[in-house]
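A.B. asks: only geometry, no sequence info:
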């Protein structure tokens, strides 16, 4: 193991960390060429080494293609560090969305705001920084040559010569999580961006406020970042049946379900004449309560058959056992009704299944009136739940 950094102070910090954990130190150098006898990730791959690289991966897009080509040519693993692909909560969000927990997701929002010098990369340069303990010329690389500048070294993220601003430093975290969760493996079709430099006018090149809308084939992603107002970092997945919010790098996840239905009369009916409006509201309420009320009555009706056990001369223990057995059908009906209360489609399937089950168990050996009463009532309740669902799911 070797510690490598152009600033001697970071080499010392690396050995402080290693020594604290192991009681040992490692060699340190300013030249990664000393490690590889070469010059960068491309050469590391060519030297037969797997690579873990901190983001940003490159300074220019074109450089990324060379890295990919070299990694594939040499059959090497190149991993770019970005925490959210390793987050349990982002993995859970991916699982929930893939199983349809919040319905179809066509929109994602990522928001982050900071309101402090540190959040705007106004970092204080190391007090001992000098050309003697920093290889300034190598650090400059192929950027425009300029005299030693400790501010540019410490705040490199704010300058186009060395950094990528909000997109390369902050956006990348949000987009990594979004691509992972949504299974995206291709760039967006378009990415219109708006913003500007409004507050941190300290000589930097990059905006301190940016909003970008990424357009994928079946997904819209809005990223909003500011360095002028504190705003908790959240990635919000918006589905047709709810939302999933993941905070920070995956510190916390919340799920809020929605059923996509009107829970109050639609405001549009207030444009109807009074009598017509009353008819609509009454009809909606009646349709909502009809299967639920009939379901309760049906459960009570079926439970009446359990009273037969009281006509038999049984001990208390046998009486309780017989009563429990006779009430099993009622218990099943109650469970189906409970599930159907907020999920009408389950009510339709459940009550129709109960009606068919009774017909199958009894092999149709009873008079027709019995099946009209027991199976027919179950079918009616199921159909009312279905009608309720169909009416309430219509888009307005």
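C.D. replies: Perfect, I can see it now. What you are looking at is a predicted structure, and each value in this text was computed from that prediction instead of being measured. Residues are numbered from 1 along each chain as shown.
A.B. asks: and the closest residue to residue 210 other than its chain neighbours, how many neighbours?
C.D. replies: Nearest residue to residue 210 in three dimensions, chain neighbours excluded: residue 195, at 3.6 Å (CB to CB, 6 or more residues apart in numbering). Quick note: C-beta positions are derived from backbone N, CA and C, even for glycine. If you count neighbours by other CB atoms under 10 Å, residue 195 ends up with 17.
A.B. asks: Wasn't residue 195 part of a strand?
C.D. replies: Yes: note on residue 195: a strand contains this position according to DSSP: H, G, I helix; E, B strand; the rest coil.
A.B. asks: Hmm, residue 224 and it touching each other?
C.D. replies: No: with contact taken as CB atoms under 8 Å, residue 195 and residue 224 are classed as non-touching, separated by 9.7 Å.
A.B. asks: ok, residue 331 to residue 92 distance?
C.D. replies: Residue 331 sits 34 Å away from residue 92 when distances are taken as CB to CB, to the nearest Å.
A.B. asks: ok, back up a step: now for residue 195 and residue 224: what residues contact both?
C.D. replies: Jointly contacting residue 195 and residue 224 under the rule CB atoms under 8 Å, 6 or more residues apart in numbering are 210-211.
A.B. asks: Report pLDDT for the residue nearest to residue 210.
C.D. replies: Confidence per residue is given as pLDDT, and for residue 195 that number is 96.
A.B. asks: Break this structure into its domains for me.
C.D. replies: Each structural domain of the chain that the record assigns through automatic domain parsing is listed here as a residue range: 83-258, 267-392.
A.B. asks: Geometrically speaking, which residue is the centre of this protein?
C.D. replies: For the chain, the residue sitting closest to the mean C-alpha position, by CA atoms, centre = their mean, is residue 93 at 4.1 Å.
A.B. asks: just to confirm, which helix or strand has it in it?
C.D. replies: Secondary-structure assignment from DSSP states H and E places residue 93 in helix 88-98.
A.B. asks: So which elements touch that helix?
C.D. replies: helix 172-182, strand 231-239, strand 242-247, strand 252-257 (3 or more CB pairs under 8 Å, 6 or more residues apart in numbering; DSSP states H and E).
A.B. asks: Could I get the ones you listed in CSV, plus columns for mean pLDDT, distance to residue 84 and mean neighbour count?
C.D. replies: CSV is the format used below for these (pLDDT from 0 to 100; distance: least, CB to CB, whole Å; neighbours: other CB atoms under 10 Å):
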stretch, mean pLDDT, distance to residue 84, mean neighbour count
helix 172-182, 95, 4, 21
strand 231-239, 96, 8, 18
strand 242-247, 97, 8, 20
strand 252-257, 96, 12, 13
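A.B. asks: The next helix or strand after the helix holding residue 93: which residues count as buried?
C.D. replies: The first helix or strand that comes after helix 88-98 along the chain, using DSSP H and E, is strand 105-113. Using 16 or more other CB atoms under 10 Å as the burial criterion, the residues of strand 105-113 that qualify are 105, 108-113.
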